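> Following is a predicted model, sequence given first.
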Number of protein chains: 4
Amino acid sequence: MSAPKNPPPKRADFRAFESIQTRWHDNDVYQHVNNVTYYAFFDTAVNKILVDRGVLKIADSPIVGLVVETQCKYFSPIAFPDLVHVGVCTRHIGSSSVRYEIGIFRNEDQLASAVGHFVHVYVDRRSQRPAPIPEPIRQVLTDLYRADSW
Amino acid sequence: MSAPKNPPPKRADFRAFESIQTRWHDNDVYQHVNNVTYYAFFDTAVNKILVDRGVLKIADSPIVGLVVETQCKYFSPIAFPDLVHVGVCTRHIGSSSVRYEIGIFRNEDQLASAVGHFVHVYVDRRSQRPAPIPEPIRQVLTDLYRADSW
Amino acid sequence: MSAPKNPPPKRADFRAFESIQTRWHDNDVYQHVNNVTYYAFFDTAVNKILVDRGVLKIADSPIVGLVVETQCKYFSPIAFPDLVHVGVCTRHIGSSSVRYEIGIFRNEDQLASAVGHFVHVYVDRRSQRPAPIPEPIRQVLTDLYRADSW
Amino acid sequence: MSAPKNPPPKRADFRAFESIQTRWHDNDVYQHVNNVTYYAFFDTAVNKILVDRGVLKIADSPIVGLVVETQCKYFSPIAFPDLVHVGVCTRHIGSSSVRYEIGIFRNEDQLASAVGHFVHVYVDRRSQRPAPIPEPIRQVLTDLYRADSW
């Protein structure tokens, strides 16, 4: 119930990074990036990695990841015009699901400003029924794997 | 790691409701409300209750709630132009923090499409240091309290 | 270049209305609904009318409207938790395009807080080439027509 | 009413550039960046230039720009994960207002995907009454000035 007690993770705890420019309206009336926006950073980084590595065709892939659970813990504020660096690794890879761990780093900070997770269940795009993770995607997820917890 | 196993909560599990019209661009390319948007529903419902009950002045309140943790589990999709009903209750009320439990209901559905939580730590707006929850806010939080878990 | 000189339109200047609850993060650091968000109100109202009247199937319609031009003039601020009422009419209906005029009304206000327009060109969804407006859509657009300018 | 006829501007038509990473949910169900999001690019680029050049303190500036009119014409689509480059110049600089012209460029494209304008009226932050543009801001606006139209 109180603020998170573990120290925030550091950059070396993640396997891939994506940089995202904050936008004017990421800030809310309290003058920091709104809590909701962090999840847009999660979604963007994970999907950009999958697209850039050639295993997600947004328009065409017959099997896609649906988000079934997300979580974020906020340690310290970020504000426009900061540049955000999103660290990504995978922690659990099942037959049809994967759990990503994600750290949000502000500018040159070495400790995360926020940390969260993001669970994808792979489904057939038409039927929306669970499907095994396609092999090329599994390869990317395995490359991003990191067993250790921070 | 797999999809959530508990049945989704029902409307009677919450103490207050706010209705929010979905918007065209709440849907993403998969044609359902994007996972990020659910947190905008959380933020909106909680803050609207506080404003409407007279205990949050967005421009002036010297002690305000900062979000330190949020989570959402997604059971079934919602899509524009659905109307969303956000159920809210409080589960833990500490000296300077509160945990809200939130259910997202689609149109006339009686079982939640998603469920989550949202933890506010009250801080002095200038110093950003934790502060006791002001008494009028505590009264509202107590009115919203529900001990039972679903 | 200066602020708009014509008086804002009133509710009777529009033919259909949609109500949209503002959200916490529609406000920006200046504590009013951000200028960008007004266009989300435009998009939502126009598409909701088309969906509700049965002439737009988001997933399936073979001919859909692409936005080629939008504009907004801002007269007076709106802020969360205001309720927004979006007035809509059509002004020009061509063979493959339509211009909507839109007024944004705050709570019970009778004069618009903002006014804008929104031009759809109808295209074949696959080829993205212009296509004649389908007859059922044209019927709805004609019902919304209003020749007079305010 | 038809699609814009003038050819889109090119990069040399602008005086300053800001790069913005598109996000997953910038795309809408039609699989391109939604028309609303372009205005977030406008807002972000203009304000980032002002902050980076030291003439806008988001929390403190006593005189700030309020948006009174925006417009955008859309020539060709952009889609996540494209990188957007926002070209900015000023066209009219009055005593208390300024009109920015803005071009949105996709990845390495040399012709704009969209073009728009954005009018700021400077106001006293407390009274919200128009105020002369402060001299340091005027200097930046003059540096960005470009008389020619495309």
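Perfect, thanks for sending it.
> Could I get the buried residue list for the longest helix anywhere in chain A?
Assignment by DSSP state H gives helix A:37-52 as the longest helix of chain A. Of the residues in helix A:37-52, A:37-51 count as buried by neighbour count, 16 or more other Cβ atoms under 10 Å in any protein chain shown. Every C-beta, even on glycine, is put in place using the N, C-alpha and C of the backbone.
> Which residues of chain A lie near chain D?
A:18-21, A:23-25, A:27, A:31, A:40-41, A:43-44, A:47-48, A:51-52, A:58-59, A:79-81 (Cβ under 8 Å from any Cβ of the partner chain).
> Of the residues you listed, which fall within the contact range of chain C?
Restricting those to those near chain C - Cβ under 8 Å from any Cβ - leaves A:24-25, A:27, A:31.
> Output those residues in a markdown table; the columns should cover pLDDT, distance to A:Asp124 and secondary structure.
Listed next are these as a markdown table, based on pLDDT from 0 to 100; distance: Cβ to Cβ, whole Å; DSSP: H, G, I helix; E, B strand; the rest coil:
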| residue | pLDDT | distance to A:Asp124 | secondary structure |
| --- | --- | --- | --- |
| A:Trp24 | 98 | 39 | helix |
| A:His25 | 97 | 36 | helix |
| A:Asn27 | 98 | 39 | strand |
| A:Gln31 | 94 | 44 | coil |
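> middle-most residue in chain A, spatially?
Centroid-nearest residue in chain A: A:Phe42, 3.3 Å away (criterion: Cα atoms, centre = their mean).
> How about the residues of chain A by chain B?
A:1-4, A:29-30, A:34-37, A:39-40, A:43, A:58-59, A:64, A:66-74, A:92, A:94, A:97, A:99, A:119, A:121, A:125, A:130.
> Please pick the buried ones from those residues.
Among the residues of chain A next to chain B, those classed as buried by 16+ other Cβ under 10 Å are A:29-30, A:34-37, A:39-40, A:43, A:58, A:64, A:66-74, A:97, A:99, A:119, A:121, A:130.
> thinking again about what came up before, elements contacting the helix or strand following the longest helix of chain A?
On the C-terminal side of helix A:37-52, the closest following helix or strand by DSSP states H and E is strand A:63-74. Other helices and strands packing on strand A:63-74, by 3 or more Cβ pairs under 8 Å, 6 or more residues apart in numbering or on different chains; DSSP states H and E, are helix A:37-52, strand A:114-124, strand B:63-74.
> same thing but 6 Å
Secondary structure elements in contact with strand A:63-74, counted by 3 or more Cβ pairs under 6 Å, 6 or more residues apart in numbering or on different chains; DSSP states H and E, are strand A:114-124, strand B:63-74.
> and D:Leu111, which of these is closest to it?
strand A:114-124 (36.8 Å; Cβ to Cβ).
> and for the closest one, what are the contacting residues?
With Cβ atoms under 6 Å, 6 or more residues apart in numbering or on different chains as the test, strand A:114-124 has contacts from A:9, A:38, A:42, A:63, A:65-66, A:68-74, A:96-104, A:130-131, A:133, B:3.
> Show me which positions of it end up buried.
So for strand A:114-124, counting by 16+ other Cβ under 10 Å, buried means A:114-123.
> mind checking how far that strand is from the chain centre?
In this view, strand A:114-124 has its centroid 8 Å away from the chain centroid, taken as Cα atoms, centre = their mean, to the nearest Å.
> helix or strand right after it?
helix A:135-143.
> quick one: that next one to strand A:114-124, angle?
Taking axes from the mean of the first three to the mean of the last three Cα atoms, to 10 degrees, helix A:135-143 and strand A:114-124 form an angle of 160 degrees between their directions.
> how about the CA coordinates for helix A:135-143, as PDB?
C-alpha atoms of helix A:135-143 as PDB (Å, rounded to 0.1, in the frame of the first residue of the first chain):
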ATOM      1  CA  GLU A 135       8.200 -19.700 -33.900                       C
ATOM      2  CA  PRO A 136       9.800 -16.400 -35.300                       C
ATOM      3  CA  ILE A 137       8.200 -14.500 -32.500                       C
ATOM      4  CA  ARG A 138       9.300 -17.000 -29.900                       C
ATOM      5  CA  GLN A 139      12.900 -16.500 -31.200                       C
ATOM      6  CA  VAL A 140      12.700 -12.800 -30.500                       C
ATOM      7  CA  LEU A 141      11.100 -13.300 -27.100                       C
ATOM      8  CA  THR A 142      14.000 -15.700 -26.200                       C
ATOM      9  CA  ASP A 143      16.600 -13.100 -27.300                       C
END
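> average pLDDT for that helix?
Helix A:135-143 shows a mean pLDDT of 98.
> for that helix, which positions count as buried?
A:137-138, A:140-141.
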